[in-house]
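>>> output the structure for:
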Amino acid sequence: MEITVLENESGNRIDKFLAERTEMSRSAIVMLIEDDYIFVNNYLIKKNYIVKEGDSIEINIPEPKKLDIEEQNIPIDIVYEDNDLLVVNKKQGMVVHPAIGNENGTLVNALLFHCKDNLSSINGVIRPGIVHRIDKNTSGLLIVAKTDIAHTCLAEQIKEHSFLREYQGIIIGKTKENSGIINAPIGRHVMDRKKMAVTIKNSREAVTKYELLEEFNGYSLMKFTLKTGRTHQIRVHMSYIGHPIIGDDKYAPQKKYWDLIGQCLHAKKIGFIHPISKKYMEFDSELPDYFQKIIKILKNN
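I've put the predicted structure just below:
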């Protein structure tokens with residue numbers, strides 16, 4: 001990656017500057033500097049280097065350390081399966097793929113046991129077969145590719161916004177309009193790199209369509225349709241307009257919402273063109289027990 005420092009960017013420490021210009025955290029940038037992966041004007045620099053207009057910064061990203069992913073006999077709800085793909089109904093609390101500090105008990109561990117070597121390799125050994133993700137505490141449907149051809153075709157549909165992704169969630173309060181579209185770019189939060197935010201800095205287009213399904217006393221059941229698929233998109237957008245998803249420990253008020261272990265958000269429906277048969281396929285899932293329990297509580301109140 002090569003970056004040139006502009007006139008209005010001069011005077012910042014290089015770690016702060018690069019954190020704002022990339023999606024990397026300052027700590028990750030410091031590690032790259034200390035391991036001699038970052039050059040300025042073809043010279044190695046220290047982490048407290050102050051960037052100047054015209055500086056040419058070269059960032060070399062080392063190959064990621066591959067985890068030894070273990071096959072695990074973990075029950076998963078497979079809604080549909082053929083020779084090219086699977087549709088899985090992920091439970092709330094399950095991580096999609098392994099990461100440092102979270103190597104086991106993920107959907108990928110379960111898929112490796114179920115599918116063995118029959119998963120696409122496009123996303124490498126860490127995320128075999130994973131075409132798109134949903135958050136740990138978001139439940140619902142996601143698609144898994146068994147072949148690289150299927151993976152490429154499905155990823156292209158997502159890129160072209162022809163892949164249907166419909167969610168339901170419960171928000172705090174009620175939106176001003178019963179339906180609408182939020183078109184607000186999302187990027188890494190400037191102060192907290194573990195969070196996303198609506199921002200014009202180093203962000204990407206993010207579009208969420210919302211619709212009121214049912215109103216309760218102080219809460220609303222909503223339907224969300226994604227045009228884009230940014231990290232935490234629905235959660236960030238709803239918090240941005242003042243109606244966060246209940247139970248969201250990152251973007252909602254720190255309040256206990258009954259016994260929720262995370263955001264009350266479910267990926268309810270997906271629709272796509274099958275990569276081989278070219279037929280349109282659509283899958284709809286029931287709201288899980290935890291979600292229905294919250295609805296029952298709200299109706300009784």
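
>>> report all helices and strands that whichever strand or helix holds E211 contacts.
Assigned by DSSP states H and E, E211 falls within strand 207-215. On a contact count with 3 or more CB pairs under 8 Å, 6 or more residues apart in numbering; DSSP states H and E, strand 207-215 meets strand 179-183, strand 219-226, helix 233-240. Backbone N, C-alpha and C define where each C-beta goes, glycine included.

>>> quick one: strands adjacent to the second one?
Spelled out, that is strand 219-226. Applying DSSP bridges, strand 219-226 is found paired with strand 164-172 (antiparallel), strand 207-215 (antiparallel).

>>> just want the angle from the strand holding E211 to helix 233-240.
Counting by axes from the mean of the first three to the mean of the last three CA atoms, to 10 degrees, strand 207-215 lies at 70 degrees to helix 233-240.

>>> what comes up buried for strand 207-215?
By neighbour count, with 16 or more other CB atoms under 10 Å as the criterion, the buried positions of strand 207-215 are 207-208, 210, 212.

>>> hmm, which two among those residues are most spread apart?
Spatial extent of the buried residues of strand 207-215 (CB to CB) is set by the pair V207 and L212 at 18.3 Å.

>>> in PDB, could you pull the C-alpha coordinates for the strand holding E211?
The C-alpha coordinates for strand 207-215 follow below in PDB (Å, rounded to 0.1, in the frame of the first residue of the first chain):
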ATOM      1  CA  VAL A 207     -27.400   2.100   2.600                       C
ATOM      2  CA  THR A 208     -30.100   0.600   4.800                       C
ATOM      3  CA  LYS A 209     -33.800   0.500   4.100                       C
ATOM      4  CA  TYR A 210     -36.100   0.200   7.200                       C
ATOM      5  CA  GLU A 211     -39.800  -0.400   7.700                       C
ATOM      6  CA  LEU A 212     -41.900  -0.500  10.900                       C
ATOM      7  CA  LEU A 213     -43.600  -3.800  11.400                       C
ATOM      8  CA  GLU A 214     -45.100  -3.400  14.900                       C
ATOM      9  CA  GLU A 215     -45.000  -0.700  17.600                       C
END
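
>>> just want the angle from it to strand 179-183.
Interaxial angle of strand 207-215 relative to strand 179-183 (the same axes, to 10 degrees): 150 degrees.

>>> pLDDT of strand 207-215, averaged?
Computed over strand 207-215, the mean pLDDT rounds to 98.

>>> and the contacts of it?
168, 174-175, 178-183, 220-228, 233-234, 237-238, 295 (CB atoms under 8 Å, 6 or more residues apart in numbering).

>>> what stretches of the stretch 51-200 of the chain score poorly on pLDDT?
Within the stretch 51-200 of the chain, the segments meeting pLDDT under 70 span 64-67, 100-101.

>>> all strands for it, in order.
Secondary structure of the stretch 51-200 of the chain (DSSP state E, counting those that start in this stretch): strands at 56-59, 77-81, 85-90, 139-145, 164-172, 179-183, 186-188, 196-198.
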